[in-house]
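Engineer: Prediction below, plus the sequence it came from.
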There are 6 protein chains.
Amino acid sequence: MSVRPSKRAPDAMRAVSIERGVARYAEGSCLVKFGETHVLCCASLEEKAPGWLRGQGKGWVTAEYAMLPRATHERTRREVTSGKPSGRTQEIQRLIGRSLRAVVDLKMIGERQITVDCDVLQADGGTRTASITGAWVALHDCLAWMKARDMLKGPALKDHVAAVSCGIYKGAPVLDLDYAEDSSAETDANFVLTGSGGIVEIQGTAEGTPFSEEELLELLRLAKAGCASLVDLQKLAVA
Amino acid sequence: MSVRPSKRAPDAMRAVSIERGVARYAEGSCLVKFGETHVLCCASLEEKAPGWLRGQGKGWVTAEYAMLPRATHERTRREVTSGKPSGRTQEIQRLIGRSLRAVVDLKMIGERQITVDCDVLQADGGTRTASITGAWVALHDCLAWMKARDMLKGPALKDHVAAVSCGIYKGAPVLDLDYAEDSSAETDANFVLTGSGGIVEIQGTAEGTPFSEEELLELLRLAKAGCASLVDLQKLAVA
Amino acid sequence: MSVRPSKRAPDAMRAVSIERGVARYAEGSCLVKFGETHVLCCASLEEKAPGWLRGQGKGWVTAEYAMLPRATHERTRREVTSGKPSGRTQEIQRLIGRSLRAVVDLKMIGERQITVDCDVLQADGGTRTASITGAWVALHDCLAWMKARDMLKGPALKDHVAAVSCGIYKGAPVLDLDYAEDSSAETDANFVLTGSGGIVEIQGTAEGTPFSEEELLELLRLAKAGCASLVDLQKLAVA
Amino acid sequence: MSVRPSKRAPDAMRAVSIERGVARYAEGSCLVKFGETHVLCCASLEEKAPGWLRGQGKGWVTAEYAMLPRATHERTRREVTSGKPSGRTQEIQRLIGRSLRAVVDLKMIGERQITVDCDVLQADGGTRTASITGAWVALHDCLAWMKARDMLKGPALKDHVAAVSCGIYKGAPVLDLDYAEDSSAETDANFVLTGSGGIVEIQGTAEGTPFSEEELLELLRLAKAGCASLVDLQKLAVA
Amino acid sequence: MSVRPSKRAPDAMRAVSIERGVARYAEGSCLVKFGETHVLCCASLEEKAPGWLRGQGKGWVTAEYAMLPRATHERTRREVTSGKPSGRTQEIQRLIGRSLRAVVDLKMIGERQITVDCDVLQADGGTRTASITGAWVALHDCLAWMKARDMLKGPALKDHVAAVSCGIYKGAPVLDLDYAEDSSAETDANFVLTGSGGIVEIQGTAEGTPFSEEELLELLRLAKAGCASLVDLQKLAVA
Amino acid sequence: MSVRPSKRAPDAMRAVSIERGVARYAEGSCLVKFGETHVLCCASLEEKAPGWLRGQGKGWVTAEYAMLPRATHERTRREVTSGKPSGRTQEIQRLIGRSLRAVVDLKMIGERQITVDCDVLQADGGTRTASITGAWVALHDCLAWMKARDMLKGPALKDHVAAVSCGIYKGAPVLDLDYAEDSSAETDANFVLTGSGGIVEIQGTAEGTPFSEEELLELLRLAKAGCASLVDLQKLAVA
């Protein structure tokens, strides 16, 4: 008997889908849905590495993140009107970039940059984890596009990477928080894991009471199962 | 025998479609497509008029416009990273706002503001005209939502409004320019017309040779036919 | 019997004057007056084309526009204090630049840039049309300055360009709106025409009721007469 | 026998003129010329004191300063395009404001603000001193405008204020530096003095060799004579 | 036999010191040193809660973070010259604020705000963890200052909070990374723990190879010991 | 019998101390204290002259200035959050830079730049004069560091430079204003003098009544004595 607003079991993810090739002009793209959270991920190849990397014979993978103003329940002001990305936006796009770079061999792509844009069309919690999961697919397809044009020096993609949030909601550890859960969870943690189960990033925050080592381990257990299923979906998507 | 890259007849629009209700949280929304140009239009109601209008017993309708970075053939830098909307963006969102206000009775909506966000998911020319055409549908549904909640003082929507671009391409007047035509047309003109055929806005620019009064009239003739068919599609969409 | 606050006939322009050579250091300059609207236009030559044009063997003509804070009835805040030019300012300076480029052969000026600054000293409506009309004179003199120094590859100035606003005021089409008319006109249209009568730009907006094709044509007829007289004045000024 | 590029005697000012009432809409205005340095000064009255002064029963006088892009030999970039006033601009406008406030009884103007805009139309050195000298005239006329409407609680203007620069040029103390002198003077000092000879502000800077007390006193002697003649011109102007 | 550049044992922290009351005007302050990392922490009380919290009868605790330009080996550009705090700065100040709020009962401080400024005077790795550890002391003293003036509704400070970084350096888990270790660690994790051993925040990032659950647990074990000793030092400092 | 809040004699400075070598990584540094005003001065050497100086075979010395938020009685907002340095900050850092350059032979340092950062840890009036006095010591040590590495073409430091403020407080000329005096002085003047007694900069402002030539000379006399004692302290510090 679940306490979750969505009636999901504690270890149940929302319905997840990944639709590839949705953007006509991008080198790789997908529309990823974690329930009512929808993110458009587009990978763009640029024939130029960032300035600080020039002459080192390797490339860079980075990410940008934004939400459409009415992705949310209440309209959110466009960040351009305040003149700069918010701290939250910057945190998220740095996280996505780090997660992708953890599974790419930058030497193989030469002095180029791949930017993965994650634009949230609709937001119901977990936008950063859906972004990472979808961004991997867009990146995969961009690298395939490059391989088809003989632009890679060798295998560039070392593993899958996927992400999911877990939390302690009304005292119980649960997987894949939606907005209703996220806004009142006692603890909220994001896990970025590779296909082989390694931890790339873990960010856990107690919003109320501090949490214990045991709770951390239980959240990690849920995340491992969740990410494994996300990796399976990535495999289906790019098959 | 057409000179157009798309093989369309001079007076043929691209395939146009309007899908309503695509955004779960917005008071009104649609996804409008003019061929490969796709714009997501979302109307948001705010219970507060802009400051300069307070106490006048009437409301305001405004619009914002943006393109996703990879809507275009080459990735475009996000405007937030340059700290402000470009001149082009500001011109377009002012145009959309003026066009919508031309068919709304602002006194009927009370001291409130409706913002219509037009976010271009994919761009193949004519994004501003598609935005205006779709924005009308989002606005219509937002007003219907308000009417259903008894929030209107009377009929607020006075007419349809739709827009289309025309131009002189390789010497011939043509309707609804796509990107290939737009980037090399001698003259480019945008027309915003009401359902009853009145002119709300006309913006014509000679990119090369100046144009004549006769050419202007021929472009207007094409635009009238194009907008009439767009209005028919709006009627179908909201039926 | 005119309805105009200024008692002018519907097809009468304000007193227009153009005084050349008013700025000691500029390569070309004039002070243009349309009645109480006064604009200082200065053309500056820079020995360097914009970056995106390098290596193409041609140059660029651009414009900037601003109003002094107390050009207007009420003092206007300086744009520098808000950190960026307003949307209106950007629209106007883009319009002036396009208008000038329509009559210049950019290949003749080599890899250089001419910037025409239009600074409104006093504003009583029609600042953008006065700016275009005066900017042509400043540009003309800058090109003459270059010719005297053998810097042109051939004839650079192809035609005159001048601009005027027309509108429907209290139901009647009138020429060259002043501020009192502009702020309450039903329709407001700016026309940029060449010396040979071609249309470079037309921007018509219904502030209230949409306008008809017949009204558009009547406004165009007024504008053609107005611009013809402005071109005559330009000819006198540079004679 | 003078060493000055302009052939002026060491204690000779440039030709100075003050033309009142040049701005149609401002409450007070003048065009002040120190030789080829021309500044338009406009005083604007606002019926509201700055926030930090509210409720104290007194008002404020402030100033803004800017140069038109082509006031100078080479075109200068507009400050709006860099998003903020430069340090130099801020220093100058703070100086003008302090100088004016030194001769105004702020309690007499009530909870209002007067802003004096000093816009340099042409610059040949000494723009800040010309600005202060002209700003006093604009302020005087604004206060007269208020007096005529019974808006003052009593006499608001306590004295004249005028300013002039002096410097050590090729070893000799000289009055009223022009651009040629200013750019190579060893020492440059600005003096703001009242009609009764009091010192409001003194800013002396050694650009090369430090200067001595004797040199400072000689510069002050020159400045006193210069400011006395400027005050005479102010008196003529407002007579 | 340690692999650490500093010769420290894997579980050895740097010399830590906390000096209270170093800022004359702040309600609470300390200078915290983790070896060569020195942070000045100042708590400032403001008699006003942030706008979004008004009327809820509770207050807020927040933090700001910055580095002096020459805190680092190479001089770093001031963030003010780029017009906004970097993403890294924003991440860190959000983290410090969350950490402090985890141990404060906001209802007890009334509608007020306490801002803890953490300014890094010298940086040798671990600036965010030193900041959190020192910020607690500054906050403690600010609350004591308030208590002495009867401004608290009851006990406001629920527990200690301290932070330390751990990492995997040359394959070995080590405690309290200095700059030499931080810049080449395979995995870097920051732990924020309470005095009673609860986890407030955990942020672990694989810079190179992903890490395993076992490694995470070993890092957590090191962090618990490190934070316990930091809490002992806090107790001594405020005794 | 002194009128000064601090009971100091009119010609008495506060206790001044200069502690060298306080910043581990800077090429030169000191902590200078004028009573309760404490400024950390760090000189940083950069192997590159500013762009506008390239190829001239000489270098540049510049300064930056800032206050920590809680250096002051009330917390001050960080300038980074308003997006730009204030006018006051820019005035001060320009003044410090000019003062240092007055005693440096820029040709001797080659095409390099030295930046002296003056960060006010605690502020009780006179922060700019303390900054200049301390900056000289940091610069001295940076130049000694360069000399020890054979990086100078010859003697680079021509003289000492020090600064002090004077003012007229309750009618009496006094030396070295603290905050209590500064905020209510009738006249406030900053003097920058060299070791040999030359004047580098003098900035005097009447906050209330204008001051006379006699008063100016009396302030200068006080400043000369004050700066002489500061130069003695500099000599001790670098001995």
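Structural biologist: Cool, the structure landed.
Engineer: Centre of the chain to the lengthiest helix in chain A, how far?
Structural biologist: When chain A is parsed with DSSP state H, its longest helix is helix A:213-238. The chain centroid and the centroid of helix A:213-238 are separated by 13 Å under CA atoms, centre = their mean, to the nearest Å.
Engineer: by contact count, what packs against that helix?
Structural biologist: strand A:16-20, helix A:127-148, strand A:161-169, strand A:172-175, strand A:187-194, strand A:199-206, strand E:199-206, helix E:213-238 (3 or more CB pairs under 8 Å, 6 or more residues apart in numbering or on different chains; DSSP states H and E). (Each C-beta comes from the backbone N, C-alpha and C, glycine too.)
Engineer: mind running it again at 7 Å?
Structural biologist: Using 3 or more CB pairs under 7 Å, 6 or more residues apart in numbering or on different chains; DSSP states H and E, the elements in contact with helix A:213-238 are strand A:16-20, helix A:127-148, strand A:161-169, strand A:172-175, strand A:187-194.
Engineer: Return the most buried member of the ones you listed.
Structural biologist: Each of those was assessed for mean neighbour count using mean count of other CB atoms under 10 Å in any protein chain shown. The highest is strand A:161-169, with a mean of 28.
Engineer: Which strands and helices lie in contact with it?
Structural biologist: Using 3+ CB pairs under 7 Å, 6+ apart, strand A:161-169 sits against helix A:87-101, helix A:127-148, strand A:172-175, strand A:187-194, helix A:213-238.
Engineer: Now chain A against chain F: closest residue?
Structural biologist: A:Gly83 (7.5 Å; CB to the nearest CB).
Engineer: burial of that residue, as a residue count?
Structural biologist: A:Gly83 has 16 neighbours, counted by other CB atoms under 10 Å in any protein chain shown.
Engineer: Ok, A:Glu36 next?
Structural biologist: Using other CB under 10 Å, A:Glu36 has 17 neighbouring residues.
Engineer: Next, the contact list for the residue nearest to it when sequence neighbours are not counted, please.
Structural biologist: Distance criterion CB to CB, 6 or more residues apart in numbering or on different chains; nearest residue to A:Glu36, sequence neighbours excluded, is A:Asp124 at 3.8 Å. Taking CB atoms under 7 Å, 6 or more residues apart in numbering or on different chains, we find A:Asp124 in contact with A:Gly35, A:Glu36, A:Thr37, A:Asp178, A:Tyr179.
Engineer: Check A:Leu121 too.
Structural biologist: Counted by CB under 7 Å, 6+ apart, A:Leu121 has contacts A:His38, A:Val39, A:Leu40, A:Leu68, A:Ala71.
Engineer: So which of the residues you listed is the closest to chain B?
Structural biologist: Taking the contacts of A:Leu121 together and measuring to chain B by CB to the nearest CB, the closest member is A:Leu68, at 5.3 Å.
Engineer: Remind me which helix or strand the nearest residue to the closest one once chain neighbours are set aside belongs to.
Structural biologist: Leaving aside its chain neighbours, A:Leu68 sits nearest to B:Asp119 (5.3 Å; criterion: CB to CB, 6+ apart). Assigned by DSSP states H and E, B:Asp119 belongs to strand B:113-122.
Engineer: mind listing what that strand pairs with, with the direction of each?
Structural biologist: Using DSSP bridges, the strands paired with strand B:113-122 in its sheet are strand B:37-46 (antiparallel), strand B:60-67 (parallel).
Engineer: Close to chain E: what parts of chain A are there?
Structural biologist: A:84, A:87, A:90-91, A:94, A:98, A:102, A:194, A:198-206, A:210-213, A:216, A:220 (CB under 7 Å from any CB of the partner chain).
Engineer: so can I have a markdown table of the helices and strands packed on strand A:161-169 showing mean pLDDT?
Structural biologist: Listed next are these as a markdown table, based on pLDDT from 0 to 100:
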| stretch | mean pLDDT |
| --- | --- |
| helix A:87-101 | 93 |
| helix A:127-148 | 98 |
| strand A:172-175 | 96 |
| strand A:187-194 | 96 |
| helix A:213-238 | 97 |
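Engineer: Specify the stretch among these that is closest to A:Ile109.
Structural biologist: Evaluated with CB to CB, the helices and strands packed on strand A:161-169 place helix A:127-148 nearest to A:Ile109, the distance being 7.0 Å.
Engineer: Can you tell me what sits against stretch A:37-47?
Structural biologist: Contacts for stretch A:37-47 (CB under 7 Å, 6+ apart): A:22-23, A:26-32, A:112-127, A:130-131, A:134-135, A:137-139, A:141-142, A:146, B:70, B:75.
Engineer: Now whichever residue of chain A sits closest to chain D: closest residue in space that isn't a chain neighbour?
Structural biologist: With CB to the nearest CB, the shortest gap between chain A and chain D falls at A:Gly83, namely 9.2 Å. Spatial nearest neighbour of A:Gly83, excluding adjacent residues (CB to CB, 6+ apart): B:Gly83 at 4.6 Å.
Engineer: And A:His160, by the same measure?
Structural biologist: A:Gly195 (3.3 Å).
Engineer: Please tell me I have it right and that neighbour contacts A:Leu233.
Structural biologist: No: checked against CB atoms under 7 Å, the pair A:Gly195 and A:Leu233 is beyond contact range at 11.8 Å.
Engineer: Show me what residue of chain A gets nearest to chain C.
Structural biologist: For chain A, CB to the nearest CB, closest residue to chain C: A:Gly83, 7.5 Å.
Engineer: In contact with A:His140, which residues?
Structural biologist: A:Gly28, A:Leu157, A:Val238.
Engineer: Kindly list the main-chain dihedrals of the first one?
Structural biologist: So the one you mean is A:Gly28. phi -160, psi 150 (degrees, to the nearest 10).
Engineer: Next, count neighbours for it.
Structural biologist: A:Gly28, neighbours per other CB under 10 Å, totals 27.
Engineer: distance of it from F:Ser29?
Structural biologist: As for A:Gly28, its distance to F:Ser29 is 51 Å (criterion: CB to CB, to the nearest Å).
Engineer: Spatially central residue for chain A, please.
Structural biologist: What sits nearest the mean C-alpha location of chain A, by CA atoms, centre = their mean, is A:Ile132, with 1.4 Å.
Engineer: Would you check how far apart that residue and C:Thr37 are?
Structural biologist: As for A:Ile132, its distance to C:Thr37 is 57 Å (criterion: CB to CB).
Engineer: Next: A:Cys30.
Structural biologist: 55 Å.
Engineer: Which of the two has more residues huddled nearby?
Structural biologist: Neighbour totals were compared for A:Cys30 and C:Thr37, and A:Cys30 leads with 30 against 25 (other CB under 10 Å).
Engineer: Each with direction, which strands does the helix or strand hosting that one pair with?
Structural biologist: Using DSSP H and E, A:Cys30 sits within strand A:28-34. Paired neighbours of strand A:28-34 in the sheet (DSSP bridges): strand A:16-20 (antiparallel), strand A:37-46 (antiparallel).
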